[in-house]
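>>> Need coordinates for the below:
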Amino acid sequence: MNFTHHFLASSMALLCAGAAVAQAPAPVNLVGRAVPEIEKLPAGPYRELVQYGHELTVRTFAHIGPEVQDVRRRLAGNNLACASCHQQNATKPFAMPWSGVSATFPQYRGREDDISTVEERVNGCMERSMSGKPLALDSREMKAFVTYISFLSQGIPVGAEVQGAGMVQSKMPNRRADTVAGGKVYEAKCSVCHGADGQGMRVGKVGDAQGYTFPPLWGPDSFNNGAGMNRLIMATRFVKHNMPLGSSHDAPQLSDDEAYDVAAFMLSKPRPIKANLEADFPARWNKPVDSAFPPYLLGASADQHRFGPYPPLVAKQKEMMEQLKAGAAAERAAAGKSAR
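Next up, the predicted model:
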């Protein structure tokens, strides 16, 4: 399939999604919304599976981490927890909460240029953020994750706009990120929890499968370079509204510039490498401009994709998409004439 055909196929998927949204129910706001309580569930297999999903979320390292005793269960490649990023048991608004996820999947995902299920999304995190292996679809762990996500999503209608999902879509400074300035922000605001060397604060010692009080931000026990958090725009938005501890979407502690620079400082450090990243975003036209791995299509340097400035790249990508739309329209018109 050529580039234009990729665009046509992907556009059709997005149009279909748009048609569904046109009939969507009223928006649901996660801010201030009560979180379902596991303790109120009746005893039985469902409650047990929800509880296990919660355990896997907050203590991933203890159940499927690389230090668990049973080597067959070492599915995560690092000792992070899902809740290291999906804060407050994956319920905190604008910290990539799982509340409402069941109402928004299956959905089109540019990374695969395909419709993805919740299970595929879970495995994407397993292979990237957790730097590990995919879960078997029929495994108790996969069923527990999906059941916990569904439990958190109860009462949210399919197709509803979920306000508080993802992260705050803040704008990026129109400059290259300053990793030196970011290092100073890190020392002043982050090192007390994550360590001067970025290796986090362990609960116990290496090998005990007890994870971290505060996770490492780089190095061998952190997320790999295929994770969404390895993209500077995404990392900046997360840091701005969730870090340091106690920050939120409506009470940030860092300025836009501080969040941008400290996120760049974090991402300038070494971390595990994921193989075959060139297969990500096969449609290419919808590859995020801060995806810092080839192939690059916008004529910019690898450094600019990694550290910005991003507004010029966003403008170039928008121009490319408009050209593709015009080309696709011309193809459809030509096909219509030949059919007549």
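>>> mind listing the helices in the chain by residue range?
3-22, 45-58, 60-64, 87-90, 101-104, 118-127, 140-152, 179-189, 191-194, 232-242, 256-267, 302-307, 311-339 (DSSP state H).
>>> quick one: low-confidence parts of this protein?
Flagging of the chain using pLDDT under 70 yields the residue ranges 1-22, 24, 339-340.
>>> any idea how it splits into domains?
Following automatic domain parsing, one gets these domains for the chain: 3-163, 179-317.
>>> Compare these and give me the one nearest residue 332.
Taking CB to CB, domain 3-163 is the member of those nearest to residue 332, at 8.3 Å. Just so you know, the C-beta spots here come from the backbone N, C-alpha and C atoms, and that holds for glycine as well.
>>> ok, and what's touching stretch 230-241?
Residues outside stretch 230-241 that contact it (CB atoms under 8 Å, 6 or more residues apart in numbering): 85, 94-96, 167-170, 172, 177, 223-224, 228-229, 247-249, 252, 254, 256, 259-260, 262-264, 266-267, 271, 288-292, 306-308, 310.
>>> will you turn the helices of the chain into TSV that also has distance to residue 32 and mean neighbour count?
Formatted as TSV, the entries for these read as follows, by distance: least, CB to CB, whole Å; neighbours: other CB atoms under 10 Å:
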stretch	distance to residue 32	mean neighbour count
helix 3-22	24	13
helix 45-58	22	18
helix 60-64	28	22
helix 87-90	13	18
helix 101-104	18	20
helix 118-127	25	20
helix 140-152	15	21
helix 179-189	27	17
helix 191-194	27	16
helix 232-242	16	24
helix 256-267	24	24
helix 302-307	37	17
helix 311-339	32	12
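>>> Looking at those, which is nearest to residue 218?
Using CB to CB, the nearest of these to residue 218 is helix 256-267, at 6.3 Å.
>>> what angle separates that closest one from helix 232-242?
Using axes from the mean of the first three to the mean of the last three CA atoms, to 10 degrees, the direction of helix 256-267 lies 120 degrees away from that of helix 232-242.
>>> now helix 256-267 against helix 179-189, angle please.
Compare the direction of helix 256-267 with that of helix 179-189 by the same axes, to 10 degrees and you get 100 degrees.
>>> Which strands or helices does helix 256-267 pack on?
With contacts defined as 3 or more CB pairs under 8 Å, 6 or more residues apart in numbering; DSSP states H and E, the secondary structure elements packing on helix 256-267 are helix 179-189, helix 232-242.
>>> just the buried members of the contacts of stretch 230-241?
85, 94-96, 167-168, 172, 177, 223-224, 228-229, 247-249, 252, 254, 259-260, 262-264, 266-267, 271, 288-292, 306-308, 310 (16 or more other CB atoms under 10 Å).
>>> To residue 76, which of the helices and strands packed on helix 256-267 lies closest?
Of all these, helix 232-242 sits nearest to residue 76, with 19.9 Å by CB to CB.
>>> ok now that closest one, how far from the chain's centre?
The chain centroid and the centroid of helix 232-242 are separated by 11 Å, computed with CA atoms, centre = their mean, to the nearest Å.
>>> Then stretch 189-197?
Between the mean C-alpha point of stretch 189-197 and the mean C-alpha point of its chain there is a distance of 23 Å (CA atoms, centre = their mean).
>>> Run through who's touching it.
By CB under 8 Å, 6+ apart, stretch 189-197 touches 187, 200-201, 213-217, 219, 243-245, 253-254, 258, 262.
>>> For those, work out which two are farthest apart.
219 and 253 (24.6 Å).
>>> From the chain's centroid, how far away is stretch 147-155?
Taking CA atoms, centre = their mean, one finds stretch 147-155 lying 19 Å from the centre of the chain it belongs to.
>>> Can you pull up the most central residue in the chain?
residue 228 (4.6 Å; CA atoms, centre = their mean).
>>> Relative to residue 279, how far out is the closest residue to that one other than its chain neighbours?
Counting by CB to CB, 6 or more residues apart in numbering, residue 228 lies nearest to residue 234, which is 5.2 Å off, once chain neighbours are set aside. Counting by CB to CB, to the nearest Å, the gap between residue 234 and residue 279 amounts to 19 Å.
>>> Share the number of residues neighbouring residue 69, please.
The number of residues packed near residue 69 is 7, by other CB atoms under 10 Å.
>>> what residues are up against it?
Applying CB under 8 Å, 6+ apart, we find residue 69 in contact with residue 209.
>>> Could you report the neighbour count for residue 131?
Taking other CB under 10 Å as the neighbour definition, residue 131 ends up with a count of 24.
>>> my guess is it meets residue 75, correct?
No. The pair formed by residue 131 and residue 75 falls short of the contact definition of CB atoms under 8 Å, at 10.7 Å.
>>> neighbours around residue 270, how many?
The burial count assigned to residue 270 is 11, neighbours taken as other CB under 10 Å.
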